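J.: got a predicted structure plus its sequence, pasted below:
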Amino acid sequence: MQENRVAKILLVDDDRVTNLLNERLISKAEVADRIEVETDGAAALEHLQRAHRSEIAPPDLIFLDINMPRMSGFEFLEAYRELPEMQRNRHMIVMLSTSELQRDFARAEADPNVYRFVPKPLQKEQLEALVSECRARRSE
């Protein structure tokens, strides 16, 4: 793995176009060895549980949307809090949303499992900075 890359990024968003655009951005920026997509919080939680059981590699960086069917981003975070601390410490979660509601921003900022709240669309410079910050956190 190169210095400016992470092993895996998990995109959690129900919008296919957003996922496609983010996958292209991540691929072009060459900042992840692997990109995976889940379309709701429940599927993302199942993804993390499979990774914990060593069936798949855990994501280093998770981009999490707020408004999704079945389980929203905030509902995901509530369930995420119940995971063992050792499992939670393996990921950096970034809320990636179109929401302009101050209460959504405040709620995300108040959650200790959310590293940052970033408005959509994800930009190359933001992505590269977040990957760099993720790598720096992993080496601490």
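T.: Right, received. Where do you want to start?

J.: quick one: residues in contact with stretch 73-93.
T.: Here stretch 73-93 makes contact (C-beta atoms under 8 Å, 6 or more residues apart in numbering) with 12, 41-42, 44-45, 48, 51-52, 58-62, 64-67, 71, 95, 97, 107, 111, 113-115, 130, 133-134, 137. Using the backbone N, CA and C atoms, a C-beta is placed for each residue, glycine as well.

J.: from the residues you listed, list the buried ones, please.
T.: Neighbour-count burial (16 or more other C-beta atoms under 10 Å) applied to the contacts of stretch 73-93 gives 12, 41-42, 44-45, 48, 51, 58-62, 64-66, 71, 95, 97, 107, 111, 113-115, 130, 134.

J.: lowest-confidence helix or strand of the chain?
T.: In the chain, no helix or strand scores lower on mean pLDDT, DSSP states H and E than helix 85-88, which sits at a mean of 82.

J.: and residue 92, backbone torsions?
T.: phi -110, psi 120 (degrees, to the nearest 10).

J.: just want the most central residue of this protein.
T.: residue 62 (1.4 Å; C-alpha atoms, centre = their mean).

J.: moving C-terminal of the strand or helix carrying that residue, what's the next helix or strand?
T.: Assigned by DSSP states H and E, residue 62 belongs to strand 61-64. For strand 61-64, the following helix or strand on the C-terminal side (DSSP H and E) is helix 73-80.

J.: mean confidence for that next one?
T.: The pLDDT scores in helix 73-80 average 96.

J.: list the buried residues of that helix.
T.: So, applying 16+ other C-beta under 10 Å, buried residues of helix 73-80: 73, 74, 75, 76, 77, 80.

J.: which other helices and strands does the strand holding residue 62 contact?
T.: The contact analysis (3 or more C-beta pairs under 8 Å, 6 or more residues apart in numbering; DSSP states H and E) places strand 61-64 against strand 6-12, helix 41-52, helix 73-80, strand 92-97, helix 124-138.
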